[in-house]
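Student: Dropping a prediction and its sequence here:
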Amino acid sequence: MTTRAGFVALIGEPNAGKSTLLNRMVGAKVSIVTHKVQTTRTRIRGVAMEGEAQIVFVDTPGLFRPRRRLDRAMVAAAWGGAADADVVVLMVEAHRGITEGVETILEGLEEIGSGRKVALAINKIDRVPAEKLLGLAEDLNSRYGFAETFMISAERGHGVDDLRQWLAGKLPESPWLYPEDQIADLPMRMIAAEMTREKLTLRLHQELPYQLTVETENWEERKDGSARVDQLIYVVRDGHKGIVLGKRGETIKAVSQAARAELEEFLDRKVHLFLQVKVRPNWLEESERYSEMGLDFKDGN
Ligand SMILES: Nc1nc2c(ncn2[C@@H]2O[C@H](COP(=O)(O)OP(=O)(O)OP(=O)(O)O)[C@@H](O)[C@H]2O)c(=O)[nH]1
């Protein structure tokens, strides 16, 4: 069977209901961490499966804070994440309609160009009468050529299945980007990798090897309530491995302790963290798909 996979950016003003929708689509387990994901630089917010399609939801941070004057170049840069996504979903609150913030986003959508991949999701339809919805949908569609319009209530679940199915159909044919058994805790794995990378940066400063990346390879919940986390630190050269390990392994040991402490605090339970350094000259090519997207979780830059 043909598999599909790709990136979906949920955009909208603060409070539009992005997290609520994401949690509906992705499932309860991830919802526990998605709010925290925003506090990191990690941009994957969750992964949903729909039939044979894997939908990877990405964040587009810092885009929609109301600003009076928008510097075009800045906006273009900030829109990069959305532009690179395979599909974009703009969420608008039914009862608030076209606010100044929504206007700003509509302007920004022009930067993306074609509306073929942008869907409109009018959310919180439970808060307004049906006849008002049609007018709003028409208004919005007259301002931007959305590929499709959905009326949803993220909170109650109305219309969410239709939207997810539509998204799945829009994604390119592709092998899945993440193993199925990692999907639920993917955001957590990435937060943990980001923490280790941060500790390495603090410890090594300018010495930090170029093109270093951290990946969480294994995440195991133990019966005693603790978690065992295995991470690989990839470097591109043998010499870099020595730098990361440090004299008699001092550097890696200090990094491991600091990262573990932070992870324990974050999770509020005991963590056993195991770090291993590997030389992988070609990792950049392997992660091409991600750098294309401007995603920084592979290299943390
Ligand atoms: N009535 C109603 N409320 C909703 C619906 N969807 C979300 N909400 C509520 O709207 C509020 C904001 O929802 P969030 O999902 O946190 O919004 P967000 O877009 O992620 O917000 P930021 O994280 O600030 O960007 C919450 O109180 C939700 O319960 C809906 O369909 N109907």
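Tutor: On my side now, so go ahead. Being a predicted model, the structure only gives us computed values, none of them experimental.
Student: Give me the below-cutoff pLDDT ranges for the stretch 151-300 of the chain.
Tutor: 283-300 (pLDDT under 70).
Student: ranges for the helices of it?
Tutor: Secondary structure of the stretch 151-300 of the chain (DSSP state H, counting those that start in this stretch): helices at 160-170, 186-204, 238-245, 250-267, 283-286, 288-292.
Student: deepest of those helices, which one?
Tutor: The highest mean neighbour count among those, using mean count of other CB atoms under 10 Å, belongs to helix 186-204: a mean of 22. Where C-beta positions appear, they are placed from N, C-alpha and C, glycine not excepted.
Student: Next, the angle helix 238-245 makes with it.
Tutor: Per axes from the mean of the first three to the mean of the last three CA atoms, to 10 degrees, the angle that helix 186-204 makes with helix 238-245 is 90 degrees.
Student: Please read off the pLDDT at Ile55 from the model.
Tutor: We have a pLDDT of 93 for Ile55.
Student: Not counting stretch 129-141 itself, show me its contacts.
Tutor: If you take CB atoms under 8 Å, 6 or more residues apart in numbering as the criterion, stretch 129-141 is touched by 92, 94, 97-98, 106, 120, 122, 125, 146, 149, 151.
Student: Okay, buried residues for it please.
Tutor: Of all the residues in stretch 129-141, those buried under the rule 16 or more other CB atoms under 10 Å are 136-137, 140.
Student: Distance check, the spatially most central residue of the chain against the ligand.
Tutor: Central residue of the chain (CA atoms, centre = their mean): Ile44, 1.7 Å from the mean position. As judged by CB to the nearest ligand atom, to the nearest Å, Ile44 and the ligand stand 15 Å apart.
Student: Who is that residue paired with across the strands?
Tutor: Val58 (DSSP bridges).
Student: Likewise for the one 4 residues further on?
Tutor: Here Ala48 shows beta-bridge partners Ile55, assigned using DSSP bridges.
Student: about what we covered before: which among the contacts of stretch 129-141 gets closest to Gly157?
Tutor: Ile125 (11.5 Å; CB to CB).
Student: That closest one touches His95, doesn't it?
Tutor: No: Ile125 lies out of contact with His95 (CB atoms under 8 Å); the separation is 9.1 Å.
Student: Among the two, which residue is more densely surrounded?
Tutor: Ile125 (23 against 13; other CB atoms under 10 Å).
Student: Contacts only, for that one.
Tutor: Residues counted as contacts of Ile125 (CB under 8 Å, 6+ apart) are 94, 133, 151-153, 158-159.
Student: Reformat those into CSV and put distance to Thr213 next to each item.
Tutor: Formatted as CSV, the contacts of Ile125 follow (distance: CB to CB, whole Å):
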residue, distance to Thr213
Ala94, 42
Leu133, 46
Met151, 42
Ile152, 37
Ser153, 40
His158, 41
Gly159, 39
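Student: Among those residues, name the buried ones.
Tutor: 94, 151-153, 159.
Student: For the protein, list the residues in contact with the ligand, please.
Tutor: 12, 14-20, 123-124, 126-127, 153-156 (CB under 6 Å from any ligand atom).
Student: and His272, bridged to which residues?
Tutor: Counting by DSSP bridges, His272 is bridged to Arg228.
Student: can you tell me how far it sits from the ligand?
Tutor: Separation of His272 from the ligand (CB to the nearest ligand atom) stands at 32 Å.
Student: what residues does stretch 17-27 touch?
Tutor: Outside stretch 17-27, the residues within contact range by CB under 8 Å, 6+ apart are 10-12, 30-31, 34-35, 45-48, 55, 57, 91, 93, 121, 123-124, 152, 154-155, 157, 160, 163-164, 184.
Student: can you give me the mean pLDDT across it?
Tutor: 85.
Student: quick one: that stretch to chain centroid distance?
Tutor: 12 Å (CA atoms, centre = their mean, to the nearest Å).
Student: Do you have the strands of this protein handy? List them.
Tutor: Taking DSSP state E as the criterion, the chain carries its strands at 4-12, 44-50, 53-58, 87-93, 118-123, 148-151, 213-221, 227-235, 271-279.
Student: In a markdown table, list those along with distance to Glu180.
Tutor: Shown next, in a markdown table, are the strands of the chain (distance: least, CB to CB, whole Å):
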| stretch | distance to Glu180 |
| --- | --- |
| strand 4-12 | 11 |
| strand 44-50 | 7 |
| strand 53-58 | 8 |
| strand 87-93 | 21 |
| strand 118-123 | 25 |
| strand 148-151 | 26 |
| strand 213-221 | 14 |
| strand 227-235 | 19 |
| strand 271-279 | 24 |
